[in-house]
Each structure stands twice: as C-alpha cells, then as structure tokens.
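**Student:** sequence first, then the predicted structure, then my questions.
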Amino acid sequence: MARTNDSLLRGGGFRLLIVLGSVLMVWAGHAWAAAEAAEGRINDLKITILSTMLVSTRNGTGEWGFSALVEADGHRILVDTGGAPETVLKNAEKLGVDLSNVQDVILTHNHADHTSGLMTLRQAMRKRNPVALSRAFVGPGIFWSRPTKDGEENAMVAIRPAYEATGGKFVEVAGWQQIFPGAWLTGPITRKYPEKNWSALGKVVTPAGTVEDTIPEDLSLVLNTTRGLVVVTGCGHAGIVNILTQTAGKFTDQPVFGVVGGIHLFRQTDAQLDWTSDEMKSFRVQNVLGAHCTGIEAVYHLRQRMGLPRKAVLVGSVGAEFTLKDGIVPGQLEQ
C-alpha cells in the first residue's frame, strides 16, 4: 500500500510539474508580449516618398529635394517638406495622399531642399484641419544664421516667425526622443567617423562664434519595428555610418531592416563607398531605398559591395514605398 501511495504521489507530482510548467510558459508569453508593448515595437509601417529627383510614373514631379510620409501603427508624420513650395502638396494630391490629418513634421536640417514646402503645406492643410502640420521637430542649431555675401542663406530664419504666426510650434530635440511608441528621433549625431557629407564651404554663426557649417542639427528618425530598425534620413549630413553607430548604441543587437531617404553619397569616391558599404553591412542593413542625394551610382555600388539582391537596394522615386511586409515597393522605372 505504501508503494502504491508513493506511486500516486509521484504521478500527482509529475502532473503538478506539468501544470506549473504550462502556467510559467503562459506567464512568460504574457511577459514577453508586455515587454514588446512597453518597448513600443511597430507592427505596421508604410513610408511613401513624396519628394525626390526621380519620377517613374506620371503621378508626380521630381526635384532636388526630399520628403516622405511615415505611417506607423495608426500614427502619421511627415519627414521634410521638399525643395520647392508646391512640390509635396501637388505630389501628395496626385498620389491620393491626404496630409490634412498629419499634425507632426520632422525637419531633418535647415537646407531649403528639405524645408521649402513647410509654409505652403501648413497654410493649405489648416483650412481643412487647424492642427494639421502644426508641430515641427527640429535639431538645435537649425535657426542659426548662415551668412553669405548675398545675404542670409538659412531660410529657416524667415520661416520660423511665419510658421509660428499660424499657430505652429517648433520642438527642439537635443537627444533621443520618442515621439510615438516605437518612433524615435536621434537628436544631433556624434561625428565619430570623418564622413564629412557637407560642402565644407558654408559658415554658421553659433553661440561660440562663426565656424564651418557641418550642419550640426542634422537628425534622423529611427523606427523600432518587429522586423528590425528602419532609419529615415533627409540627407544624412552627419554620415550614415555615424547615424547607424549612434542608433546601435541605443538599440543594441538589432538588425537594420531598412535605410530610407538621402544619405549624401553622390560625390564620394569608390574607396569611400567601399568603406561605407562595409560598415553598413556590419550593422546588418537588409534594405536601402536611396533617394535624393544618395546618388544613382552610389546606390548600385552599395548593392554590389554589400552583396544584397536587386530588390533590396534601389533608387527611390516619387511614389515609391517601403513597408514591413514587402520591404521596398518601387515604381516602374527603378525596379
């Protein structure tokens, strides 16, 4: 009888362990899901290019400039506003993209090819929605004077009071800042590597005096998604490797599912492109949609050097998209 009771106890204990194990597995699953939610990983993402040089259909106008609409888990934000006042407004209309319910804008830096559409868009969209495009995130230094012999080069000096007169508000981002769950602004980038993706001719008046204009306010948008990080740049004047280095310090051991936007490589030598490609590969970059100042030849160089397939590295065009499901969704000409 004792042996029978022991056997029953052992059987009951075994069943108890199974039950406890199942409970722990369920708890762990809930804990993991809660951690994912707390960390704010984006599950649904679409980025649509609204301004760049290449147009592969009749639905748009090309220009030397950049703008992209980011839609992530129900949130919508516009990155840059194009090079001519009307371009993004007209391209959005032709593409059937409604910007009237977009409140937030990111201006990656002060250059006119990224900021010229701000007032046109604000004035047009506020007629339908008073808060449309009413908040603009910028980096410190975007309003500093850039004097030339012909006068002020920084259009943001004049844009600031005009925008604020409409009720618009600028928000300066000095470091990592989350603007909605999973969407982060880098703030100014530490220039660890001498990528020098700027003209080296301009001057900027800083609180410490007049110095070479390195575009110190240059910032990027980093989207923490379920497939990895997606980095959206305007020109990447801070250098794409510096941007990825700073991003890796914030989000450790995560692959980069995509780099979308301009990364200012069109003037770089083959040796510099080799180095950039190798470094990007070390960050496990899986897709590159190179628009604006990236350069057509530079895009193809990155693809070959990084050993990525044709669909994964393409020149961006007006109307091209990037999604978590499909990666790059190109236009007809560049695919």
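**Tutor:** Structure received.

**Student:** let me see the contact set for the most centrally placed residue in the chain.
**Tutor:** Centroid-nearest residue in the chain: residue 232, 1.9 Å away (criterion: Cα atoms, centre = their mean). By Cβ atoms under 8 Å, 6 or more residues apart in numbering, the contact list for residue 232 reads 47, 68, 70, 79, 220, 221, 222, 223, 260, 261. In this view, the C-beta of every residue, glycine as well, is placed from N, C-alpha and C.

**Student:** in these, find the pair that's most separated.
**Tutor:** Between any two of the contacts of residue 232, the greatest separation by Cβ to Cβ is 14.1 Å, found for 68 and 222.

**Student:** more neighbours: which of these two?
**Tutor:** residue 68 (30 against 25; other Cβ atoms under 10 Å).

**Student:** quick one: that one from residue 149, how far?
**Tutor:** 34 Å (Cβ to Cβ, to the nearest Å).

**Student:** quick check: domain ranges of this structure?
**Tutor:** 1-33, 44-329 (automatic domain parsing).

**Student:** check the ones you listed for me and report the most buried one.
**Tutor:** Most buried of the domains of the chain, by mean neighbour count (mean count of other Cβ atoms under 10 Å): domain 44-329, with a mean of 19.

**Student:** quick check: mean pLDDT of it?
**Tutor:** Mean pLDDT, domain 44-329: 97.

**Student:** measure it end to end?
**Tutor:** 15 Å (Cα to Cα, to the nearest Å).

**Student:** again with stretch 123-140
**Tutor:** 25 Å.

**Student:** ok, residues contacting that stretch?
**Tutor:** Under Cβ under 8 Å, 6+ apart, the answer for stretch 123-140 is 78, 89, 99-109, 118, 121-122, 156, 163, 166-174, 177, 179, 185, 187-188, 216-219.

**Student:** the same query, at a cut-off of 7 Å, please.
**Tutor:** Residues outside stretch 123-140 that contact it (Cβ atoms under 7 Å, 6 or more residues apart in numbering): 78, 89, 99-107, 109, 118, 121-122, 166-174, 179, 185, 187-188, 217-219.

**Student:** among those residues, name the ones in strands.
**Tutor:** If you go by DSSP state E, the contacts of stretch 123-140 have 78, 104, 105, 106, 169, 170, 171, 172, 179, 185 in strands.

**Student:** how far does stretch 205-225 stretch from one end to the other?
**Tutor:** End-to-end for stretch 205-225, by Cα to Cα: 38 Å.

**Student:** now do stretch 166-174
**Tutor:** Stretch 166-174 has an end-to-end distance of 25 Å (Cα to Cα).

**Student:** now stretch 294-314
**Tutor:** 11 Å.

**Student:** chain center to it: distance?
**Tutor:** Between the centre of stretch 294-314 and the centre of its chain there are 19 Å (Cα atoms, centre = their mean, to the nearest Å).

**Student:** cool, stretch 111-122 as well?
**Tutor:** With Cα atoms, centre = their mean, you get 18 Å for stretch 111-122.

**Student:** and it, C-alpha only, in PDB?
**Tutor:** What follows is stretch 111-122, C-alpha atoms only, in PDB (Å, rounded to 0.1, in the frame of the first residue of the first chain):
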ATOM      1  CA  HIS A 111      18.600  73.300 -46.100                       C
ATOM      2  CA  ALA A 112      15.900  74.700 -48.400                       C
ATOM      3  CA  ASP A 113      15.500  71.500 -50.300                       C
ATOM      4  CA  HIS A 114      14.000  70.000 -47.100                       C
ATOM      5  CA  THR A 115      12.100  73.000 -45.700                       C
ATOM      6  CA  SER A 116      10.700  75.000 -48.600                       C
ATOM      7  CA  GLY A 117       7.300  73.300 -48.500                       C
ATOM      8  CA  LEU A 118       6.500  73.800 -44.800                       C
ATOM      9  CA  MET A 119       4.600  77.000 -45.100                       C
ATOM     10  CA  THR A 120       2.700  76.000 -48.200                       C
ATOM     11  CA  LEU A 121       1.600  72.800 -46.600                       C
ATOM     12  CA  ARG A 122       0.700  74.400 -43.300                       C
END
